[in-house]
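[1] Sequence plus predicted model, see below.
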Amino acid sequence: MFEEFKKAMTREFEMIDIGLMAYYLGIEVKQMEEGIFISQESYAREVLKKFKMGDCNRVSTPIECGVKSSKFEDGAKKENPNISRVW
């Protein structure tokens, strides 16, 4: 299916296939069988270097990884979604 799309696009537009995407708008992109993963590790390293913190000590994440945060305690919205506000 993808190959058919690529051929159709090539017929319509002047383009070349440069392989899998590695960066998009400064964000690192890794495409694997498990899914597509994005990261800003390079940007974070640049910021650390800029502020002379490249050799700073690492600390563990202060919250359990994978936890979905919500501004509501139980994750459920308290308002009636059918009522709209006028600001």
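    The structure has been received and is ready for your questions. Numbering: from 1, shown residues only.
[2] Which parts of this structure are strands?
    Ranges of strands in the chain, per DSSP state E, are 23-24, 27-32, 35-39.
[3] Give me the residues contacting the first one.
    Contacts to strand 23-24, defined as Cβ atoms under 8 Å, 6 or more residues apart in numbering, come from residues V29. For the C-beta atoms, the positions are set from N, CA and C on the backbone; glycine is no exception.
[4] just to revisit the earlier point, so can I have TSV of the strands of the chain showing mean pLDDT and distance to F13?
    Formatted as TSV, the strands of the chain follow (pLDDT from 0 to 100; distance: least, Cβ to Cβ, whole Å):
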stretch	mean pLDDT	distance to F13
strand 23-24	86	19
strand 27-32	91	22
strand 35-39	92	23
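[5] between those, which one is nearest to E4?
    E4 lies closest to strand 27-32 among the strands of the chain, at 19.5 Å (Cβ to Cβ).
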